[in-house]
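Chemist: Need coordinates for the following:
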Amino acid sequence: MKSKNLLLSLILLLLVGSCSKNRFKIDTNEVPLKLEIERFDRDLMALDTAIIDQGVRKLHDKYGEFFQRFSGSVIMLGQPESDDFLLHLTGFLADSMVQEIYKESQLVFDDVSGIETEITDAFKYIKHYFPKKKIPRVAMHISGFNQSIVVTNELISVSVDNYLGADYAPYKSIAYSYQLQHMTPNKVAPDVLLGYLMTEFPYENNTQLLAGILSRAKVLYLQSVCMPQRNEADLMGYTPEQLNWCVENEKNMWTVLVENKHLYSTSQLVASKYLNTAPFTSFFTENSPGQASIWLGLQIVKSYMQSNRAVTLPELMEQQDYQLILEESNYKPS
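Modeler: Take a look at the predicted model:
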């Protein structure tokens with residue numbers, strides 16, 4: 001009898017968890033949207049240097065503000081209208097390192113249909129829950145290992161040469177070991193969506209740490225809604241072991257924040273140690289993953305949304321009273 005009761009309890013818990021997890025789930029087939037990844041990387045590298053001025057004009061016409069941003073801020077060759085731009089661009093296209101990483105990126109990202117589908121489905125959630133938001137065009141570029149995500153008013157682009165796989169040999173000389181797990185093809189779709197969400201819902205800075213943590217956690221929560229097939233390890237860029245550490249040490253992390261009175265600290269140094277990318281979160285332990293406080297914030301936001309089921313996603317993202325979120329979350333880590 002006890003075993004039957006235990007089985008029934010487990011089934012009920014699973015059902016409750018499933019209902020909670022799927023609260024905002026939609027049928028993406030009913031949302032009319034189809035995003036196609038524009039291959040700026042291929043358009044750029046296909047330029048004929050014998051008539052490069054004509055090619056640049058076509059790129060500018062097609063990609064507009066993004067081409068301006070890419071030229072000036074990503075590969076840092078200046079603006080297309082400058083006198084020596086064409087000469088510098090010709091040199092960039094002929095550079096042996098650029099040629100090599102482009103060749104490798106085409107092998108890894110030859111077929112991007114799976115990424116296209118995942119990004120399209122994610123933005124269907126945005127279109128459904130935030131119908132007034134503009135859905136951007138999506139593109140891919142190569143940057144020579146520079147800026148991974150570029151966001152303009154019209155377009156968001158991902159630098160595919162920063163996602164060639166943790167074992168890609170050149171990364172060993174330009175990235176720390178803890179960064180390599182983020183530099184995989186599996187991270188492209190989540191990072192595209194995150195880049196968009198960070199622009200649309202900017203983080204709270206220069207204020208109390210609580211606001212910094214929960215403003216980031218709100219974005220992470222929305223990202224999880226838009227990508228229900230992704231787990232928290234995927235979205236945080238954690239290994240399963242790192243996520244497990246967070247789960248097992250949730251109460252300890254909360255205790256550190258409370259007992260050290262860091263939640264309401266306005267120190268930028270304190271905030272940086274909790275919020276910046278790093279091999280570990282220094283106020284916790286060296287066994288912790290970086291930005292573990294944001295994962296903790298996600299648990300608070302999840303608890304808040306579970307305790308306040310009338311709150312909509314737009315209302316959550318508009319809520320700037322982070323003390324209220326904390327209080328009404330009824331958050332009690334065990």
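Chemist: thought Val74 was touching Ser148?
Modeler: No - if you go by C-beta atoms under 8 Å, Val74 and Ser148 don't touch, sitting 9.9 Å apart. Placement of C-beta: from N, CA and C, glycine included.
Chemist: Check which residues of the host helix or strand of Gln54 are buried.
Modeler: Take DSSP states H and E as the rule and Gln54 turns out to sit in helix 52-63. Neighbour-count burial for helix 52-63 flags 52, 55-56, 59-60, 63 (criterion: 16 or more other C-beta atoms under 10 Å).
Chemist: neighbouring contacts of that helix?
Modeler: Defining contact as C-beta atoms under 8 Å, 6 or more residues apart in numbering, one finds that helix 52-63 is touched by 38, 40, 43-44, 47-48, 67-68, 70, 80, 85-86, 89-90, 139, 155.
Chemist: Looking at those residues, which are in helices?
Modeler: 40, 43-44, 67-68, 85-86, 89-90 (DSSP state H).
Chemist: Give the next helix or strand downstream of the helix or strand harbouring Pro314.
Modeler: Assigned by DSSP H and E, Pro314 falls within helix 313-318. Using DSSP H and E, the helix or strand that follows helix 313-318 in sequence is helix 322-329.
Chemist: That following helix - contacts with which helices or strands?
Modeler: Applying 3 or more C-beta pairs under 8 Å, 6 or more residues apart in numbering; DSSP states H and E, we find helix 322-329 packed against helix 209-226, helix 292-307.
Chemist: Among these, single out whichever gets nearest to Val108.
Modeler: In terms of C-beta to C-beta, the element of the helices and strands packed on helix 322-329 nearest to Val108 is helix 209-226, at 23.4 Å.
Chemist: Does anything pack onto whatever helix or strand comes next after that closest one? Which helices or strands?
Modeler: For helix 209-226, the following helix or strand on the C-terminal side (DSSP H and E) is helix 232-236. Secondary-structure packing of helix 232-236 (3+ C-beta pairs under 8 Å, 6+ apart): helix 209-226, helix 240-248, helix 292-307.
Chemist: Strands of the stretch 101-250 of the chain, residue ranges please.
Modeler: Using DSSP state E, counting those that start in this stretch, the strands of the stretch 101-250 of the chain run over 137-141, 149-151, 155-159.
Chemist: Many thanks, I have nothing further to ask.
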